[in-house]
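>>> Sequence plus the predicted model coming up.
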Amino acid sequence: MSIKVVDNKDSLITDLAKLIETTAKESICERGFFNVGVSGGSLAPFLVSGLPKIQTDFSKWRVFFCDERIVSYDNTDSTYGLYLQKLIVPEVVALKQEQFIPIKLGLTPEETAQAYEEELRKYVPLNNSLPQFDLLLLGMGPDGHTCSLFPGHDLLQETRKWVAPIKDSPKPPPERVTLTLPVVNNARVCAFAVAGIEKSDIIKKILLDKEDLPATRVQPSSGKLYWIVEKDAASKLNM
Ligand SMILES: O=C(O)[C@H](O)[C@@H](O)[C@H](O)[C@H](O)COP(=O)(O)O
């Protein structure tokens with residue numbers, strides 16, 4: 001695991017962008033494409049600012065969602081909707097709408113998760129019978145959740161599904177789908193980007209005390225794990 005503490009949000013954005021650039025380059029050189037999973041929440045503005053800085057062949061990218069809120073794309077809670085508005089605009093990055101794999105709408109949460117699993121089956125190569133993403137870009141909430149995997153929730157035990165529905169997310173909106181831990185931990189690279197003093201206690205619990213929280217359970221089995229942490233969020237790490 002690599003933990004990098006950076007001075008401010010701008011450096012976090014720059015570092016994250018560099019990591020994405022390198023990982024995309026390796027994936028495209030080795031396999032000809034780059035399958036990346038993005039999150040929403042506080043990670044979204046980092047990507048909106050960071051992706052335009054990177055040198056890459058965007059035409060080789062496919063963008064998936066580590067988790068997504070089940071709301072219409074024009075709802076302000078939709079992570080896809082946000083990227084559609086802020087990122088998938090020609091003057092920002094050369095990513096096209098067709099390269100994004102959003103959740104299907106108008107289905108029950110169970111069906112939404114199943115339909116997303118089908119999308120993974122179509123596009124993401126398997127390793128150990130599980131889809132293997134090239135990179136998962138993860139956020140972490142102040143309670144230690146990541147994706148829509150919340151502390152103490154049954155979903156942490158899920159071993160069969162690749163994508164699971166959740167109807168009682170403590171963070172609104174309640175209905176979501178999320179990649180499950182086996183899929184997260186099968187990725188070639190997982191990267192957390194975390195900022196803000198309000199995350200300093202939980203960062204300590206996860207990175208120093210190794211408390212059993214969802215974000216602590218992100219331990220790619222054969223891949224790499226990066227944490228990019230802004231100084232205030234890292235203030236209780238004594239690094
Ligand atoms: O629904 C969401 O917001 C995200 O997709 C989720 O995966 C996010 O990364 C975590 O909830 C952490 O959220 P924050 O970074 O906003 O604390």
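Looks like it arrived, so ask away.

>>> Now stretch 101-119: average pLDDT?
Mean per-residue pLDDT for stretch 101-119: 98.

>>> So which residues make contact with that stretch?
Here stretch 101-119 makes contact (CB atoms under 8 Å, 6 or more residues apart in numbering) with 62-65, 68, 70, 72-73, 80, 123, 161-167, 175-177. Glycine gets a C-beta too; all of them are placed from N, C-alpha and C.

>>> Buried ones among those?
62-65, 68, 70, 80, 161-166, 175-177 (16 or more other CB atoms under 10 Å).

>>> Out of these, name the ones that lie in strands.
Within these, residues falling in strands by DSSP state E are Arg62, Val63, Phe64, Phe65, Glu68, Val163, Ala164, Pro165, Ile166, Arg176, Val177.

>>> helix/strand/coil for the closest residue to the third one other than its chain neighbours?
The spatially closest residue to Phe64, leaving aside those adjacent along the chain, is Gly37, at 4.5 Å (CB to CB, 6 or more residues apart in numbering). Reducing the assignment at Gly37 to three states with DSSP: H, G, I helix; E, B strand; the rest coil gives strand.

>>> Report the beta-bridge partner residues of Gly37.
In this structure, Gly37 bridges to Phe64, Leu136 when assessed by DSSP bridges.

>>> Next, give me the two most distant ones among the ones in strands among the buried ones among the contacts of stretch 101-119.
Pairwise distances across those peak at 23.9 Å for Arg62 and Ile166 (criterion: CB to CB).

>>> Pull out the buried residues from stretch 81-96.
Neighbour counts over stretch 81-96 (16+ other CB under 10 Å) mark Gly81, Leu82, Tyr83, Leu84, Leu87, Ile88, Val93, Leu95 as buried.

>>> interface residues of the protein facing the ligand?
Proximity of the chain to the ligand (CB under 6 Å from any ligand atom) is limited to residues 39-43, 66-67, 69, 79, 139-141, 145, 147, 171.

>>> hang on, the earlier thing: as CSV, the buried residues of stretch 81-96 with secondary structure and pLDDT would be great.
Converted to CSV, the buried residues of stretch 81-96 look like this (DSSP: H, G, I helix; E, B strand; the rest coil; pLDDT from 0 to 100):
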residue, secondary structure, pLDDT
Gly81, helix, 97
Leu82, helix, 96
Tyr83, helix, 96
Leu84, helix, 94
Leu87, coil, 90
Ile88, coil, 86
Val93, coil, 91
Leu95, coil, 93
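
>>> Mind picking the one among those that's closest to the ligand?
Nearest to the ligand among these is Leu82, at 10.0 Å by CB to the nearest ligand atom.

>>> Skip the chain neighbours and tell me the closest residue to the closest one.
Of all residues not flanking Leu82 in the chain, Ala44 sits nearest, at 5.6 Å (CB to CB, 6+ apart).

>>> quick one, phi/psi of Ala193?
The phi/psi pair for Ala193 (degrees, to the nearest 10) reads phi -130, psi 120.

>>> from what I can see Lys161 touches Leu179, true?
No. Look at Lys161 against Leu179 with CB atoms under 8 Å: they stay out of range, at 9.5 Å.

>>> any idea how far the residue nearest to Asp7 when sequence neighbours are not counted is from Met140?
Nearest non-adjacent residue to Asp7, counting by CB to CB, 6+ apart: Lys231, 5.5 Å away. Separation of Lys231 from Met140 (CB to CB, to the nearest Å): 16 Å.
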